[in-house]
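Novice: Sequence first, predicted model second:
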Amino acid sequence: MTAPLKTHRLSVGTILLVVFVLVSSGPFGVEEMVSSTGPGLAVLLLLVIPLVWGAPLALICTELASAIPEEGGSYVWVDRGLGRFWAFQNGWWLTLSGFVDTALYAVLAGAYVNSWLDLPPPGRWLISVSVIIVFAALNVRSLRSMALSSAVFAVIILLPVVVMTVLGILEWNANPLQPFVAESQGLGLSLGLGLTVAIWFYSGYESMSTMAGEVAEPQRVIPRALFLSIPIVIAVYLLPTLAGLASVGRWEEWRSEGGLTLVQIGSELGGPALGVAMMVAALVSSLALYNAYLASGARTTLVMARDRLLPRAFARVHPRFGTPHGSILAAAAIHSVLAVGSFELLLVIDVFLFILSYLLIFTASVALRLKEPDLARPFRIPVGTAGMVLVACVPAIVGLSALVANGVSYLALGVLAAATGPLAYAVAKRRGAATA
């Protein structure tokens, strides 16, 4: 008999900071969006995409988390709304994208550390693996340890970003919206690139709900934290970008590597001390993302393994700490392997898969309104069934637009990756029947 999961009492404020880390973890990474799309379009997307993608996603996840506050989050929601096949697709696609995504955060953290040490590739890999080991151990220890460390990380990230933003606004000397589009490319290409990145920025609202089975009163605290996070995440992306463009400018030089970064902008505005603080915040941002997403992904694979859709090892719960250490350690091992390679191609597949998984969440939210209209929903989006269709369709259309906006090769790779879901389900069902 497997050990039970341990429940922890966490405040709304603590969970709010965890959600902030899962969705944003700071504005770092916005540099590539600015230089590849143009400052005006970048700012417009940072303002509009949360309204047509991020906010509907957050509201839908808030309603579902309040109605079905169970371990596994969106996998359980889709299972209840659309059935086991589509639940598996949701869990499989999120897990595949999560393996790549989460490993990348460990690699980015290693890259920041290596910028001071200048080690050869094996040394950089060892740094990344060290990050993975440390946070795997922290996650095995308890969900509370993950949550409290995420809250501390969030404060370390936000403080220098707020200072940089205030200094940038005080030094406002140029129009941050000019030019609207990068001159080297047309509106269509710029919009395709920017849309994909902006959707990436405002995703992750479902991730905290995967841990609902280990949180006391999840139907109360998680929905409140999700709702409060919406304006905070928008401000964290939008305001520092505006401040940097209006003060330092040089938008065409903005790059996360080898160009003008937010760290350098902080240094130009506030001197070396703020530059160092921004560098620490950028490093901590990657650490925080790895820490939180390792926890979130492990809960999805735990529930899938309990349903006999993944190997039994993923379902193991630590007898002392009450955490899904089987899923945590398996994910850490996979991340250590992925940390060796280049992620450009895998990231294309990553974005495609998580958008598909969100389309299933949107569909399940409508299906549950139809199938279970009397289901208790402590937080309910104040619309009827027809209104819920509209709320779900708006982000679905945005997501579908992102899937086709970057060309045929991108679409083909994504379809191939998505096709592994039905194949994996057939294998899992056959294996489950054999071991039943």
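Specialist: Perfect, I can see it now.
Novice: what's near enough to touch residue 92?
Specialist: 304, 420, 421, 424, 425 (Cβ atoms under 8 Å, 6 or more residues apart in numbering). Glycine gets a C-beta too; all of them are placed from N, C-alpha and C.
Novice: Surely it forms part of a helix?
Specialist: Yes. When classified by DSSP: H, G, I helix; E, B strand; the rest coil, residue 92 is found to be part of a helix.
Novice: can you redo the contacts of residue 92 as a markdown table with pLDDT?
Specialist: Putting the contacts of residue 92 into a markdown table (pLDDT from 0 to 100) gives the following:
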| residue | pLDDT |
| --- | --- |
| 304 | 94 |
| 420 | 93 |
| 421 | 94 |
| 424 | 94 |
| 425 | 95 |
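Novice: Buried only: go through those residues for me.
Specialist: Of all the contacts of residue 92 considered here, the ones buried according to neighbour count by 16 or more other Cβ atoms under 10 Å are 304, 421, 424, 425.
Novice: and the first one, which of the three is it?
Specialist: So the one you mean is residue 304. With three-state DSSP as the basis, residue 304 sits in helix.
Novice: Could you double-check that it lies in contact with residue 89?
Specialist: No. The pair residue 304 and residue 89 does not pass the contact test of Cβ atoms under 8 Å, sitting 11.2 Å apart.
Novice: can you pull the pLDDT of the closest residue in space to residue 307 that isn't next to it in sequence?
Specialist: In this structure, residue 307 finds its nearest non-sequential neighbour in residue 84, 7.5 Å apart by Cβ to Cβ, 6 or more residues apart in numbering. According to the per-residue confidence, residue 84 scores 95 in pLDDT.
Novice: Quick check: the two most widely separated of the buried ones among the contacts of residue 92?
Specialist: Across these, no pair lies farther apart than 304 and 421, at 12.0 Å, counting by Cβ to Cβ.
Novice: measure the residue nearest to residue 307 to residue 428 for me?
Specialist: 10 Å (Cβ to Cβ, to the nearest Å).
Novice: Looking at these two, which is more packed in?
Specialist: Neighbour count, other Cβ atoms under 10 Å: between residue 84 and residue 428, residue 428 has more, with 19 against 15.
Novice: In the protein, which residue is most central in space?
Specialist: To find the centre residue of the chain, average its C-alpha atoms and take the closest one (Cα atoms, centre = their mean): that gives residue 204, at 3.8 Å.
Novice: Residue 22 is in contact with that one, correct?
Specialist: Yes. Judged on Cβ under 8 Å, residue 204 makes contact with residue 22 at a distance of 4.4 Å.
Novice: what sits against residue 373?
Specialist: With contacts defined as Cβ under 8 Å, 6+ apart, the neighbours of residue 373 are residue 385.
Novice: Surely it is within a strand?
Specialist: No. Membership of residue 373 in a strand is not supported by three-state DSSP, which gives coil.
Novice: Looking at the contacts of residue 92, which is nearest residue 315?
Specialist: Compare each of the contacts of residue 92 with residue 315 using Cβ to Cβ and the shortest gap goes to residue 304, at 8.6 Å.
Novice: That closest one and residue 424: what is the separation?
Specialist: When residue 304 is compared with residue 424 (using Cβ to Cβ), they lie 10 Å apart.
Novice: what residues do the two have in common as contacts?
Specialist: Taking Cβ under 8 Å, 6+ apart as the contact definition, residue 304 and residue 424 share the neighbouring residues 88, 92.
Novice: Helices of the stretch 151-300 of the chain, residue ranges please.
Specialist: Per DSSP state H, counting those that start in this stretch, the stretch 151-300 of the chain carries helices over the ranges 187-201, 218-247, 262-306.
Novice: Please produce CSV containing those helices, extended by distance to residue 47.
Specialist: Output for these, formatted as CSV (distance: least, Cβ to Cβ, whole Å):
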stretch, distance to residue 47
helix 187-201, 10
helix 218-247, 6
helix 262-306, 18
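Novice: Flag the shaky bits of the stretch 201-350 of the chain, pLDDT-wise.
Specialist: 341-348 (pLDDT under 70).
Novice: quick one on the thing from earlier: so of the contacts of residue 92, which ones are in helices?
Specialist: Here DSSP state H is the test, and these give 304, 420, 421, 424, 425 as lying in helices.
Novice: Show me which of the residues you listed is closest to residue 325.
Specialist: After measuring the ones in helices among the contacts of residue 92 against residue 325 - Cβ to Cβ - the closest member comes out as residue 304, at 16.1 Å.
Novice: residue contacts, that closest one?
Specialist: Residues touching residue 304, when contacts are defined by Cβ under 8 Å, 6+ apart, comprise 72, 75, 88, 91, 92, 95, 310, 314.
Novice: List just the nearest of these to residue 292.
Specialist: Lowest distance from residue 292 to the contacts of residue 304 (Cβ to Cβ) belongs to residue 95, with 15.7 Å.
Novice: now that closest one: how far from residue 75?
Specialist: Residue 95 sits 9 Å away from residue 75, going by Cβ to Cβ.
Novice: list the residues that contact both of these two?
Specialist: Residues touching both residue 95 and residue 75 comprise 300, 304, with contact defined as Cβ under 8 Å, 6+ apart.
Novice: higher neighbour count, those two?
Specialist: Here residue 95 and residue 75 are set side by side on neighbour count (other Cβ under 10 Å), and the busier one is residue 75, at 34 against 24.
Novice: Next up, identify which helix or strand the more buried one is on.
Specialist: In this structure, residue 75 is located in helix 74-82 according to DSSP states H and E.
Novice: Quick one: list the elements packing against that helix.
Specialist: For helix 74-82, the helices and strands in contact under the criterion 3 or more Cβ pairs under 8 Å, 6 or more residues apart in numbering; DSSP states H and E are helix 55-67, helix 84-117, helix 262-306, helix 344-371.
Novice: Tell me which of those helices sits nearest to residue 139.
Specialist: helix 262-306 (5.2 Å).
Novice: Quick check: next helix or strand after that closest one?
Specialist: Past helix 262-306, the next helix or strand by DSSP H and E is helix 325-338.
Novice: in that following helix, what's buried?
Specialist: Neighbour-count burial for helix 325-338, with 16+ other Cβ under 10 Å as criterion, is recorded at 325, 326, 327, 328, 329, 330, 331, 332, 334, 335, 336, 338.
Novice: Can you give me the neighbour number for residue 253?
Specialist: Taking other Cβ under 10 Å as the neighbour definition, residue 253 ends up with a count of 15.
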